[in-house]
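A.B. asks: sequence and predicted structure are below.
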There are 2 protein chains.
Amino acid sequence: MKRKVTLKQIARELDVSISTVSKSLRNSPEISEDTKQKVQAFAKLYNYKPNNIALSLKNKKTKTIGIIIPEIVHHFFATVISGIEQVANENGYNVIVCLSDESFDKEVINMEMLATGSIDGFIMSLSKETQLKKDFHHIVEVINQGMPVVMFDRITNDVFCDKVIIDDQMAAYEAVDYLINKGFKKVALVTTVDYVSVGKLRTEGYLKALRDNNMMAEEDMIVKIEDIDNCSVKIERLLEEQKPDAIFAVNELFAVTCIKLAAKMGVNVPDDLSVIGFTDGIISQFSSPAITTVSQNGIKMGRSAAKMLIDRLEMEEEDEHYRTEVIETHLVERESTPTL
Amino acid sequence: MKRKVTLKQIARELDVSISTVSKSLRNSPEISEDTKQKVQAFAKLYNYKPNNIALSLKNKKTKTIGIIIPEIVHHFFATVISGIEQVANENGYNVIVCLSDESFDKEVINMEMLATGSIDGFIMSLSKETQLKKDFHHIVEVINQGMPVVMFDRITNDVFCDKVIIDDQMAAYEAVDYLINKGFKKVALVTTVDYVSVGKLRTEGYLKALRDNNMMAEEDMIVKIEDIDNCSVKIERLLEEQKPDAIFAVNELFAVTCIKLAAKMGVNVPDDLSVIGFTDGIISQFSSPAITTVSQNGIKMGRSAAKMLIDRLEMEEEDEHYRTEVIETHLVERESTPTL
DNA sequence: TTTCAACACGCAAACGTTTTCGGTAGGGCG
DNA sequence: CGCCCTACCGAAAACGTTTGCGTGTTGAAA
């Protein structure tokens, strides 16, 4: 087992100074061709690679991006990471991933852990608990220390930083408008509790679409789901008592759950009921029927977030002007809505 | 904006030496209570946290685990990361994730990038291209440099290191045996090309199950899929010409594709055809019908891999004795096989 | 022969820690 | 008064780099 070789070892071996070795390897004109050749050959032979940690310490930059997201077993977040990783890779950055598990405390701990030198900047999406508590001091703190933060999807307006989002309200609006234009009169909404920012925005889009089409929003046509594991009763009650002819669900899990429950009650999708989901993930693609959905391009969001962060990291004088990029969405029509 | 404070700054401010500050913060008995109090108060006030990079350089350990996997937008790999992250977190480690994108070159580059000091050890699953080329020099190299590697799922026997796998052959055997015991006579196999190690093992399990039940394996009952995007014709031909009464698919994507194609041809699952998949992911759970599948516990694999790696990292004298842990699987019975 | 530039290289600082070793001052004791 | 011990603190090395600057040698020009 040959351990990693350092400048010092090469220097000792070749009987020159450390700086001579370093300069030779970086092809400095200060060093004679002779010496350079010798050093470079030796370095190649022993497969010398400069130590990243030492470089990080010296340069005060780690070339590493910290990602903090609620969970990773989740199609959307996985695609975002994928997008981030692409751009990071193209620019010589690594990504270090931390999971908040929807917990405020874990989010704080992870941020503090990474903020002490491990990374150059953050890309993050808020945990539910953080959105509920509205406590963002940990984020403000790292920003004040001069570390750039880019937030995506689950963001807050209480923190000034770069952001990447979709227009949740508009996207929901268009989906619901689409249903209404298809002639549906009783469009229900299956959404999250209000403190989840994106859920709230999508709910607002639903309401606005109804209003603009002169339709009344009815309390009973809206179900808010706190916990996916026991939401069946609420949805079943909706289907039974209200008999909606269309449902807009704010994520694909809700959408597929609606379809499954409907099927169990003998309600056929799309013949008796149309369903539109949100987020074009695996479920929407492979469930039967395949689900019409608002596509939210995670790769693009990730790429965009990474680009914004790296741009900010690599500009010389810092810019107090933060940007919010809005990624466009579009409706993917599949089998859960009428085809004509 | 207040930048991060260092020992040196505290020392200057309090007019003591750097070492006094360091010792005070670590509660050394060498320092008087008075001074300790003063320093600790000051440090707390300015929210001092030791710089990770400097610590890494000094201690020659980064408390970071490198993960290299083929892709992340993939339920199984996401669950494995999740498991790794759990154990890593419990032990004060961070994880840095690199994607090989099924490319040999990217796998090599990523490994070399991380191997130069950024991490303490690897957890990885081989890319398809690497399995095809059978070139593992990059892995052997980092191991020879004294950096521990744990391989999971897509492994090779050509490298000596810790491994975490499932018994692919046995799991496949049991699934096929299950089908045969249900009375099915024409059990087809939808698998990958041979160089994917897990695919090959599952194929062998299928063949062995047939043999042990005195059934002939027929060439025409086996389809090997190279590229998921245009596999329809092969599967349709299988369904049409062979009319199998059961299919064992080596992953859930193949399974759901079979079901969808069957449905299009008027073949009902499970009435006319039974299907068993592999990997209990989102697709299996939410497709209609929900798919009976061999469950491969990604969380457990990830946890196990992380534990093996950290154990090895934290033991004082190094152990040349490598372990291979086999995670148990079990069949999750759902709607794509007969219920009685 | 002296002087000066150019060339080739080494020294040392710096990044932020931790830790070993050494040093100083004061007090107690003989 | 002298010695030693203890309590407290600082200097410096070490981790592996990069780089500005100083220095020595050489050759050529004066």
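C.D. replies: The structure has been received and is ready for your questions. Worth saying up front: this structure is predicted, and the values here are computed from it rather than measured. Numbers count the residues shown, from 1 in each chain, chains lettered A, B, ... in the order given.

A.B. asks: burial count for residue A:37?
C.D. replies: Using other CB atoms under 10 Å in any protein chain shown, residue A:37 has 12 other residues around it. To be clear about C-beta, it is placed using only N, CA and C from the backbone, and glycine gets the same treatment.

A.B. asks: can you tell me the closest non-neighbouring residue to residue A:16?
C.D. replies: residue A:35 (6.8 Å; CB to CB, 6 or more residues apart in numbering or on different chains).

A.B. asks: same check, this time on residue A:115
C.D. replies: In space, residue A:115 is closest to residue A:142, 4.7 Å off (CB to CB, 6+ apart).

A.B. asks: contacts only, for the one you found.
C.D. replies: A:111, A:115, A:122, A:149 (CB atoms under 8 Å, 6 or more residues apart in numbering or on different chains).

A.B. asks: quick check: it is in a helix.
C.D. replies: Yes: applying DSSP: H, G, I helix; E, B strand; the rest coil, one finds residue A:142 inside a helix.

A.B. asks: these two touch, right, residue A:31 and residue A:22?
C.D. replies: No: applying CB atoms under 8 Å as the test, residue A:31 and residue A:22 come out as separate, 9.6 Å apart.

A.B. asks: of those two, who's got more company?
C.D. replies: Each of residue A:31 and residue A:22 has its neighbours counted (other CB under 10 Å); residue A:31 has more, 20 against 16.

A.B. asks: check the secondary structure at that one for me.
C.D. replies: Per three-state DSSP, residue A:31 ends up coil.

A.B. asks: where do the strands sit along chain A?
C.D. replies: A:64-69, A:94-99, A:121-124, A:149-152, A:162-166, A:187-192, A:222-225, A:246-249, A:274-278, A:292-295, A:324-327, A:330-332 (DSSP state E).

A.B. asks: so for DNA strand D, which of those sits nearest?
C.D. replies: Nearest of the strands of chain A to DNA strand D, taken as CB to the nearest atom of the strand: strand A:64-69 at 16.7 Å.

A.B. asks: quick one: the closest one near chain B?
C.D. replies: Yes: judged by CB under 8 Å from any CB of the partner chain, strand A:64-69 and chain B are in contact via residue A:64.

A.B. asks: which strands and helices sit next to that strand?
C.D. replies: Under the contact criterion of 3 or more CB pairs under 8 Å, 6 or more residues apart in numbering or on different chains; DSSP states H and E, strand A:64-69 touches helix A:75-90, strand A:94-99, helix A:104-115, strand A:121-124, helix A:298-313.

A.B. asks: mind checking which of these is nearest residue A:1?
C.D. replies: If you check each of the helices and strands packed on strand A:64-69 against residue A:1 by CB to CB, strand A:94-99 wins as the nearest, at 25.5 Å.

A.B. asks: close to DNA strand D: what parts of the stretch 1-150 of chain A are there?
C.D. replies: Counting by CB under 7 Å from any atom of the strand, the residues of the stretch 1-150 of chain A close to DNA strand D are A:6-8, A:18-19, A:22-23, A:25-26, A:30, A:48-51, A:54-55, A:57-58.

A.B. asks: pull out the buried members of those.
C.D. replies: Buried members of those, scored by 16 or more other CB atoms under 10 Å in any protein chain shown, are A:6, A:7, A:22, A:23, A:25, A:48, A:51, A:54, A:55, A:57.

A.B. asks: so which of the strands of chain A gets nearest DNA strand C?
C.D. replies: Comparing those by CB to the nearest atom of the strand, strand A:64-69 comes nearest, at 16.1 Å.

A.B. asks: which residues touch the residue nearest the centre of chain A?
C.D. replies: Nearest to the geometric centre of chain A sits residue A:80, at 4.4 Å (CA atoms, centre = their mean). When contacts are counted by CB under 8 Å, 6+ apart, residue A:80 touches A:69, A:125, A:152, A:153, A:298, A:299, A:301, A:302, A:305.

A.B. asks: cool, and residue A:238?
C.D. replies: Contacts of residue A:238 by CB under 8 Å, 6+ apart are A:188, A:190, A:220, A:221, A:223, A:244.
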